[in-house]
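In: pasted the sequence and its predicted model underneath.
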Amino acid sequence: DAGITQSPRHKVTETGTPVTLRCHQTENHRYMYWYRQDPGHGLRLIHYSYGVKDTDKGEVSDGYSVSRSKTEDFLLTLESATSSQTSVYFCAISVSVEGATGELFFGEGSRLTVL
Amino acid sequence: DAKTTQPNSMESNEEEPVHLPCNHSTISGTDYIHWYRQLPSQGPEYVIHGLTSNVNNRMASLAIAEDRKSSTLILHRATLRDAAVYYCILISGNTPLVFGKGTRLSVIA
């Protein structure tokens, strides 16, 4: 499973509160990604990172920020959660060795409910 | 990004081979063809990828058309555990994977 864990796995929060989801990997991979998955939309890329302090926006980045201060941790923050951010969030790491996007391993997902 | 087209759904009988098609007529020379699948209530799982030649691994085979405008993921003997959504994705360089809607495969016992 490439040593990837997400926390928390489940969270219920109220509109307007900040939320941080953590993705932790144990194998020092450079590339990390955050996706969200909603019925009818499939998986959509939120933000991604190519290394420490090197992040970029995906297709649905509004309302989200990320930080990568250590190789092993990629944090996704909802500064002020809204009901539209109720979703399942997946973290992924790329285990390609040739520097290109290769095999992605996904975490088990974090289910967030914003009331 | 080059787009892929897959059928929304397919059905197979258990222990029969399954051929999942993917059209990618605008593929570029540097695009790799990746396949992932997502089992119910789980994150996506890497299946296989290739560039020009057919590829085999323990999970599946990937047959790539000579002009690379289409490919087929082959599950040699479908099991109930293979019921999932299968995604065909084109990727070049180190750009992130962009998932489409995929093909929902149902396996009938």
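Out: Done, it's in. Owing to the predicted nature of the structure, the values given are computational and were not obtained by experimental measurement.

In: tell me the SS of B:Ser28?
Out: For B:Ser28, the assignment made with DSSP: H, G, I helix; E, B strand; the rest coil gives coil.

In: how close does it sit to B:Ala78?
Out: Note on B:Ser28: its distance to B:Ala78, by Cβ to Cβ, to the nearest Å, is 32 Å. All C-beta spots, glycine's among them, are computed from the backbone N, C-alpha and C.

In: need the nearest residue in space to the closest residue to chain B within chain A, chain neighbours excluded.
Out: Nearest to chain B, among the residues of chain A, is A:Phe106, at 3.2 Å (Cβ to the nearest Cβ). Nearest residue to A:Phe106 in three dimensions, chain neighbours excluded: B:Gly43, at 3.2 Å (Cβ to Cβ, 6 or more residues apart in numbering or on different chains).

In: same deal with A:Arg44?
Out: A:Val60 (4.8 Å).

In: so, low pLDDT: which residues of chain A?
Out: Within chain A, the segments meeting pLDDT under 70 span A:1-2, A:96-101.

In: let me see the ranges of the strands in it.
Out: Using DSSP state E, the strands found in chain A span residues A:4-7, A:10-13, A:19-25, A:31-38, A:42-51, A:54-57, A:65-70, A:73-78, A:87-94, A:104-106, A:110-114.

In: now the ones you listed in TSV, with mean neighbour count?
Out: Shown next, in TSV, are these (neighbours: other Cβ atoms under 10 Å in any protein chain shown):
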stretch	mean neighbour count
strand A:4-7	18
strand A:10-13	13
strand A:19-25	19
strand A:31-38	23
strand A:42-51	20
strand A:54-57	14
strand A:65-70	16
strand A:73-78	19
strand A:87-94	24
strand A:104-106	23
strand A:110-114	19
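
In: so can I have CSV of those showing distance to B:His34?
Out: Putting the strands of chain A into CSV (distance: least, Cβ to Cβ, whole Å) gives the following:
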stretch, distance to B:His34
strand A:4-7, 18
strand A:10-13, 30
strand A:19-25, 20
strand A:31-38, 14
strand A:42-51, 13
strand A:54-57, 20
strand A:65-70, 24
strand A:73-78, 21
strand A:87-94, 11
strand A:104-106, 9
strand A:110-114, 24
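
In: out of the ones you listed, nearest to B:Val55?
Out: For the strands of chain A, the distance to B:Val55 is smallest for strand A:104-106, at 17.0 Å, taking Cβ to Cβ.

In: gap between that closest one and the chain center?
Out: How far strand A:104-106 lies from its chain's middle: 11 Å, per Cα atoms, centre = their mean, to the nearest Å.

In: beta-bridge partners for the nearest residue to A:Ser67 once chain neighbours are set aside, please?
Out: The shortest distance from A:Ser67 to any non-neighbouring residue, by Cβ to Cβ, 6+ apart, is to A:Leu75 (4.8 Å). Legend: beta-bridge partners of A:Leu75 under DSSP bridges are A:Arg22, A:Ser67.

In: and A:Leu75, how far from A:Arg68?
Out: Here A:Leu75 is placed at a distance of 7 Å from A:Arg68 (Cβ to Cβ).

In: what's the end-to-end length of stretch B:61-78?
Out: Terminal residues of stretch B:61-78 lie 13 Å apart, using Cα to Cα, to the nearest Å.

In: residues contacting the residue sitting nearest the centre point of chain A?
Out: Residue closest to the mean C-alpha point of chain A, counted by Cα atoms, centre = their mean, is A:Trp34 at 2.7 Å. Shown in contact with A:Trp34 (Cβ atoms under 8 Å, 6 or more residues apart in numbering or on different chains): A:21, A:23, A:45-48, A:58, A:64, A:66, A:74, A:76, A:89-92.
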